[in-house]
Structure formats: structure tokens, C-alpha cells
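K.L.:
Sequence and predicted structure are below.
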Amino acid sequence: MRSSILKSAAEPARAIVSDRIALTGFIVLAAIVAMALFAPLLATHDPLHINELEEGTLMQRTQAEDGSVRWVLSEPLGDVTVYDAAWQDGVGIAVARGGNVYRYDGQWAALDAPFTESLRAVAVSAAGRALIVGEGGIMALYDDTTGGWQQVDAPESVDLHAVAWSDDDTAWVVGEEETIWRLDLSTDAVSIETLQSPVNRGLDLNGIAFDADGSGLVIGERGVVLQFDPDNDSFSLLRLPTNRTLNDIHLTADGTGLIVGERGTLLAREGADADWVVEDAPDSRAIRAGWIGSEGEAIAVARNGIIMERHGDGWHLASTQGARHLRTLMVTEDHFYALGSDRFVNRLSPPTSEHWFGTDHLGRDLYSQNVYGSRIALLVGFLGAALVVLIGANVGLIAGYFRGRTETVLMRTVDVMYGIPFEPFALILVLLFEPSLLIVILAVSLLTWRTVARLIRSQVLSLRERPFVKAARVAGASDLRIMYIHIFPNVMPLVFLELAIIVGVSIIAEATLSFLGLGPPQSISWGGILHNARLSGAWRDAWWWNLPPGIFIMITVLSVFFISRSLELVANPRLRARR
Amino acid sequence: MSARRNYIIRRVMHGFLALFIIATLLFFLFRLGLPDPTAALITEGLTPAEREQIRARFGLERPLWEQYLIYLGNIVQGDFGFSFHYRAPVADIIWERLGNTMVLMLPAIALAYAVGVPLGAWLSWRRGSGTDTTGIFVGLMFRSAPMFWTGMIAILFFGIYLGWLPTSGMRTLPYEASGFLDKIFTLDFLHHLILPALVVALYYLGSPMLIMRNTMLEVYGEDFIEMARAKGLPERRILYNHAARNALLPVVTQLAVTIGLAAGGQVVVEVVFSWPGLGREILNAVRTSDFPLAQASFLVMAAFVITLNLLVDMLYTLLDPRVSFK
């Protein structure tokens, strides 16, 4: 029995190899099967892992002709977070994590900075000297006119958070533990004076700024604001109507000011002598940096790509691209830039060298999802088809061989099944019972066998009248033996043909169910990827999300159809004769 | 003649039997999957009195066999019950949705066959050539691409990138039509129809084309074609007047089967294009556990398929005199 079935399988195999189209189909299918088998090796990421990314984000404010504002992403400065940036006389300096410094004069370029610690703040003096401070008490002076670096030794190894110049030779540095240092930079031998904070509770100080008259403001943790009085050279506590941690302060020469802080804290003043007033923020995320102009126009940046702008009538959210975590603002004579980005979820990234097919709305790698998706498609495709052919071939064989009442009952059943529309039936089945792989396979195969049964039956009807069957019967062969050893090998070509076609049908059916969100939960499939794309609504922009799964489905089904075409020539010699 | 009449009567009886079996199957399938159909209604905010009313209406307090008889009785009377979700008679909803589905599917299928059949005949004439291979390839390609994906790509390209065509619904909202004909004979409707109909047509195109081509190849071997050739008829005339006519039968069969299945709509196309048809309705119905609507929609689809299958058999007896009425 085994040898005769093997022999009957040999002819379709030969047909596939000899037909170029079928061979192509076979190779493509083999490649996809290999992809499913070796998915863990081929996938570059865990398909369900939410990928995060750090970069030196640079966003620019653009204004369309109709006046609408949009902040758009520019080429990132690098792959580490930019913490601060400053602008003075046509030159911008940005400092970042890991000791990276960038210089801008129309073009961004990385500077060769002599440290690897994270740099938290930068301020440029009118004379073009940039003081850069960072974690672990790192301080360095960069002279833009000469390009030279001068390291400044800190009296203490504390994290420094902000820096400001009060005049051409005096710079102020604040940081954790209420550190306030005044640096005298008039000579190469830098002298550092430690000033006493009036609070003395070990709070972080996060920002410092000076008014035109030389008085200064230092802001920090828990709403602490220290006012520096140049006349008696000391700090006093200033009470502001907030106790949220404050992150940044900006004062203009005209006296307008802006302080920003955690949970959407915004404080503004209209002049040097005016009171600080709490303003309503349109978002309650942590605001990291702010800028105010002399006319009261202001900008504040926050995490998750939030940028707020104030134009006379209050604060509004600006339209931004992406959801980067913004850290700072750099304002030049005619442009506004927002910089930052700590690790953010790499949502809806177009294809890059890291993510070949881009990422989805949760930052998951789509290439890996597509690779893993082949598993469900092929599993349901082949298992479903095998089940279909198993049921269909046996029903057809039994009905065609026994005829009479058996045939009537079986074929009436097939007739009834022809009255059931496939998709709605599968829908109802999956929705009535818990969606699982088994239900999906059943939904795919429970109806499809009707075609196979009809085809096999008609073939068996003619085979059972052939002399070799009669001879077997005369020789005393049992019904089962005649059916499965004498007749069955002769319908094998047809069985293989149907198997191939139904594999294609099953794959599409599975994809359809998954697309409608009825696939096995917690699994990745091509249809499921498209379901997510549609559900998220982002598919209208993210072509890289829609395109690959469909192409994979199409290629797989097409390769199966190609194989079936050459099998058809075996099953139906009349087609072969005329080619 | 009487043999044919007996045959037809027998087939009609079979059709009713099939419908009865499907209705039975459906009843027990739903009872198996949703033991208490009103359970889903509690969240829908029905008052206890309303709930009791529904339970009584469907006879849910009675034994299963009695419920089954009530269910069958209601169907025979054309009473499909009351939709939980819409709070309206199911029959009204279904007829409207069925109409919507048909105005999408019928033009699409017509287009597919109007293009596919001549194309298939032409391919068979050029059999073995590059045109033939390309034609088969393209036909199979559209057949292999899942329709919802083709739809999404079409929306992306024609609807969003080029902005030529509307991508969802049947008409620009808000809109109020006074009647069905008024609803579909507008430019706005046709504008909305183009994209989904094209997607469906492309999917269906392959099947008449390939069937036509293959049957034509078989017909070419027949004696009457040799005869026509021997008479010296031009090849084109043999193709269209002699061969094509004889090859049409399987295509007609396929057409009727396709139309039958069209009632179920292409659920995914209706979903992708937000087309308010029966296919999308059945998906929503089961999602909202609106089982009277789901059950009835399914039954209507099945009735449609069975009727069209019946029609196929009758067409066969009319078109092909060789069919015997056994």
C-alpha cells in the first residue's frame, strides 16, 4: 500500500520539478516555510518588544503660509540625548549625554570634547566663551574664537544642572545639594567661590538666570526660588505660588520672565518688578524648558513631544511631529529649535537600518512581526488544508464507492453545506466560541471540504466501473482494500491538486479572520498585523505597516497556486495534451 | 417535459430542506455558544421588564424543543425578531443592508465578468504565449491578494495619496434620501462606489478569466471546431462564435454561485470601506451579541446562496441539453 501511494505521489512531484512556474512556486514556498521554521533566527527583534530609542532630537518650528505652526523633526544631532543648548552671536552650542558637544553655525557639527560624562547645561558669554557643566562636577570652558578647551576643577564632585553668565568674566553654576558656585574667569587661573543657599535642605537647583541689573534667580526642587541681591551679595528665599519642582527659568533684558516645572507648571511675569503669576498649561506633563520674548510671546517644551506656545490669549498646544521627550529650546534671531529626547518609544518609525520594515504604533519591530507571522499562516494553511482533504477525500471516496443511500445522505450534506456562506459562518463560529487556533482552523476547514468531496466522488464514480476494480472485486478484495489500495492512488493527483488550492484558500481565510480581529489572541499573524494597523488608524500614513503583510500573503498564496497549476496538468491530462 | 418539471420540483424541495437544516443548525449553534442570549443585554441597559418581555418573546423560559418550534414558527411567518442593538425589527434592518450590499456587489461582479470572460477567451487563443502567462499571472495575483489588503492599498493610493476618490461609506454625510432609488442614483453615490467595486472586481476577475480560458482549451479539441476550421472560417469567428459559446456554461455556473455568495457580501470589503452592508452588519451583530440580527442575517444569506444554486441547476437544464434529469 505504501509503495503504490508513493508511486502515485511521484508523478505530481515530477510535474512540479519539470514545470518552471511550478518550480518557482515551490522554491518560494520552501523559502517561506524556512522563514517560519527559523523565525527566531531570522527575526532581528522580539516581535512584541516595545522598542525605545534615544537620539539627539532637533525640531524646528515652521510656519505655513496660512499661519499654521508645526514643529518638524530635522536630522538628529546624534544618538544621545541633548540636555541643553545655547545661542550667542550666530553660534549655537548643544551639550548631550556621554560628553557630546555640538556646534551650530548654519551647519551642525560634533566638537571634539575632552570628556565622557553627561553634560547637563551650557551658557555662552557675549565674548563667545561657552561654559559647559555636567555630572560629577565636570566643568569646562570652550572658547569659540580659538576652538580651545579649558577644564575647570570643581571643589566638589556634585552633579551640576545649570549655568549662567552674569557678566563677561563671571559665570554661575548651580546643581544638586543646593550647590551654588560663582566662577571668576577673568584669568586662566579660575577661582571658584561657593555661595550659601538660605534653604539648606539639600535640594536640587535646576536653573539660574540674571536680570539686566545683575540680580539673579535660582530655581529648583519643590518650588524653591532663590533671589540673588547683588548689593549685599547674598541669596534670599522668594515665595512663589507653587511647590512643584521647577526645571527651567528664562529672563529677558526687558524683564519678562518664564519659569517652568513638573506637572505643567508655568509661571510668568510681565516685567522685572511684576509678580510671578501661575498660568494655565494645556498639558500637565513635566515641562522641561521655556523661553519668553520681550512681548510676552513664549514657548515651553515637555515630554512626549508636547510643545506649548503663548500668543497673547494664553497657552496652546502646538502641532508637533513625533513624540520625542524634549529637554531644551534654542532660540536664534529668526528660528526656534527644540532639542532633547531621552529614550522614547520608537513609534511608527519608517524603515531604517535598525527596523527594516519600520515599527508599529507601539514601537514594535514590524520586520520581526512579519517573519513570525508566517508561522500562523502556514500552520493554519497546511493543517486546515490537511483536515479539509482528509474529510473531503474520504467522504468523496465513500459516497462514490458505496453509492445508494450512503451517497444520498453524504451528498445531501454537501449540498446543505453549499448553502452556507463561508465568511459569515467562520465569523459566527469564532465569535460564539473563544477565539483560539483550533477554532480558527475549524472555521477554515469545516465548510471547505464540500468541494473536495464533490470532485473526488465524481472521479470515484467513473473509477469504480473500471476493469481493474472489477478484477479486484472478483479476486475477493474487501471494500476497504479496493477503496484505499486500488481506487485511492488513482485520485491522488486530484487530492494533491485540491490540497494545494485549499492551502491557499486557508491562508487567505486565516488572514481574513485575523484581520477582523478574530484570530487567536496573543499571536502574531499577517492578518493580525493589518488588523492592528487598521485599528490604530495610523495605517493611513504608515505605508510600511500595510504593505509587507499583504505582499507576504500574496506571494505565499501565489506560490501555492503555481504549484497547483502543474498538479492540474497531472490531474487533468486534457489540459496537458494541448499545451 | 414532465421529467424536467419533476426535477425542478425535487430541487426546490431539496432547497427548502437545506434551508431548514441550516436554520436548525444555526439555532443549536447559537444555543451552544450563547446559553443565555439576554445575558449580553443587561449591559445594554434594558430594564428588567423589557428583559422579561424579550425572554418571553423568544420563549427562553420554555424547554429547548419548544423554543426551537417557536423559532421555526417565527421564521416561517417572516418574523425574524427584534434587534437588541438597534431596538428595531430585524427584518427592516436586513432588507436595507442587503440592498446596500447588492448595489456594491452586483456592479462589481458584472464588471469582473464583462472583462474576465473575453479576456479568458483571448488568452486561450494566445495559449502558451507570453500574453497568456502574464494574464494568468495577473489574474492569480489578484486572486491571491487578500481583498482587505487590496482595499487598504487602494484607499491609501487613490483615496489619500492622490485624493481622487472618497474612501468610506456610501455617500457624503450628512445626507437624507427619500427612497432607495433616490439613494443610489446620485453622482455622489457612484463616486463612493468606484473604489470598493473596483477592489471586488479585481478579486473576482481571475476566476471567470481562468475558467473561460481552460474550458476554451478543452473546446478547441472538439470535432465541431475542426469542422469549422475545415470550412475555412476565420480564426476570430471560430473563437467567438463557435468555441466561446460552448465554453460559456461553466462561466455561467460560476457567475450564479458568485452572485449567491455575494449576499453575504465580502465582509472585509464592507469593513474596510465602511460600507453599511449585510456582511459588516453580521460582524457587528455578533460583536454586540445581537443574536436575533446575526441569526437572521445568516439565514437570509444562506437562503440567497441556496436560491442561486438552485438557479444554476435550472440554467444548466436550459443551456445544456445534454444534462439528464436524474
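P.N.:
Ah, there it is.

K.L.:
Can you spell out the domain ranges of the chain, please?
P.N.:
Just going to use chain A. A:2-49+A:356-578, A:52-345 (automatic domain parsing).

K.L.:
My question was about chain B, not that one.
P.N.:
What the TED database lists as the domains of chain B is B:1-89, B:91-319.

K.L.:
Give me whichever of those domains is most buried.
P.N.:
domain B:91-319 (a mean of 19; mean count of other Cβ atoms under 10 Å in any protein chain shown). Yep, even glycine has a C-beta here, placed from its N, CA and C like the rest.

K.L.:
ok so, going back, turn the domains of chain A into a markdown table, including mean pLDDT.
P.N.:
Formatted as a markdown table, the domains of chain A follow (pLDDT from 0 to 100):
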| stretch | mean pLDDT |
| --- | --- |
| domain A:2-49+A:356-578 | 85 |
| domain A:52-345 | 84 |
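
K.L.:
Out of those, which is closest to residue B:135?
P.N.:
domain A:2-49+A:356-578 (13.1 Å; Cβ to Cβ).

K.L.:
Show me how far the closest one is from its chain's centre.
P.N.:
33 Å (Cα atoms, centre = their mean, to the nearest Å).

K.L.:
Can you pull the residues of the stretch 151-300 of chain B lying near chain A?
P.N.:
B:152-153, B:155-156, B:160, B:214, B:217-218, B:220-221, B:261, B:263-264, B:266-268, B:271-272, B:279, B:282-283, B:286-287, B:294, B:297-298 (Cβ under 8 Å from any Cβ of the partner chain).

K.L.:
So, low pLDDT: which residues of chain B?
P.N.:
B:1, B:34-47, B:51, B:54-60, B:171-185, B:264-265, B:320-326 (pLDDT under 70).

K.L.:
Taking it, what residue is nearest to chain A?
P.N.:
residue B:33 (2.8 Å; Cβ to the nearest Cβ).

K.L.:
Next one: that residue from residue B:294, what distance?
P.N.:
Per Cβ to Cβ, to the nearest Å, residue B:33 is found 10 Å from residue B:294.

K.L.:
Is any residue of whichever helix in chain B runs longest near chain A?
P.N.:
The residue-count maximum for a helix in chain B (DSSP state H) belongs to helix B:90-125. No. Applying Cβ under 8 Å from any Cβ, one finds helix B:90-125 separated from chain A by no less than 9.5 Å.

K.L.:
tell me which strands and helices that helix is in contact with?
P.N.:
Contacting helix B:90-125 under the criterion 3 or more Cβ pairs under 8 Å, 6 or more residues apart in numbering or on different chains; DSSP states H and E are the following elements: helix B:130-144, helix B:187-220, helix B:244-262, helix B:267-272, helix B:278-287, helix B:291-319.

K.L.:
So what's the gap between the fifth one and the chain middle?
P.N.:
Read that as helix B:278-287. Worked out by Cα atoms, centre = their mean, helix B:278-287 lies 15 Å from the chain centre.

K.L.:
who touches it?
P.N.:
A:423-424, A:427-428, A:431-432, A:516, B:83, B:85, B:93-94, B:97-98, B:100-101, B:263-271, B:274, B:290-291, B:293-294, B:297-298, B:300-301 (Cβ atoms under 8 Å, 6 or more residues apart in numbering or on different chains).

K.L.:
By proximity to chain B, which residue of chain A wins?
P.N.:
For chain A, Cβ to the nearest Cβ, closest residue to chain B: residue A:432, 2.8 Å.

K.L.:
ok, the spatially closest residue to residue A:204 that is not a sequence neighbour - contacts?
P.N.:
Excluding the flanking residues, the one nearest residue A:204 by Cβ to Cβ, 6 or more residues apart in numbering or on different chains is residue A:221, at 4.4 Å. Contacts of residue A:221 were listed using Cβ under 8 Å, 6+ apart, and they are A:203, A:204, A:205, A:206, A:245, A:246.

K.L.:
Go again with 10 Å.
P.N.:
Contacts for residue A:221 (Cβ atoms under 10 Å, 6 or more residues apart in numbering or on different chains) come out as A:176, A:178, A:199, A:201-206, A:243-247, A:261-262.
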